[in-house]
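Chemist: Okay, sequence plus prediction incoming.
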Amino acid sequence: MASKSNWPGHTPLPKGLAAPARRALAHEGIETLEQLAEFGEVKISKLHGMGPVAIAQLEDAMEESGISYSGG
């Protein structure tokens, strides 16, 4: 589950996300769900370290926060 943020545009990545997935996102400068949405679903799925469980966790957190992918 994603933590709620007091600052719009700063919704943190979900707790419990696997270390390889966190490293892959950090390498791309992604620290929030909003940045993830801008990066795009296709690009995320191609990152080394992003498996189906991590992608599902991220998508669930985005849905809970009302965030959807905007990029390709």
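Modeler: Received the coordinates, thanks.
Chemist: Show the average pLDDT along the biggest helix by length in the chain.
Modeler: Secondary structure of the chain per DSSP state H: the longest helix is helix 52-65. Averaged over helix 52-65, pLDDT sits at 97.
Chemist: just stretch 29-43 next, same as before
Modeler: 95.
Chemist: Hmm, residue 24 is touching residue 49, no?
Modeler: Yes: Residue 24 is within contact range of residue 49, at 3.7 Å (criterion: Cβ atoms under 8 Å). All C-beta atoms are positioned from the backbone trio N, CA, C, and that covers glycine.
Chemist: Please say which of these two ends up with more neighbours.
Modeler: residue 24 (19 against 15; other Cβ atoms under 10 Å).
Chemist: can you pull the pLDDT of the more buried one?
Modeler: pLDDT, read off for residue 24, is 98.
Chemist: Could you do residue 10 as well?
Modeler: 88.
Chemist: Quick check: it vs residue 33, distance?
Modeler: According to Cβ to Cβ, to the nearest Å, residue 10 stands 9 Å off from residue 33.
Chemist: and if you look at residue 12?
Modeler: To residue 33, residue 12 is 7 Å away according to Cβ to Cβ.
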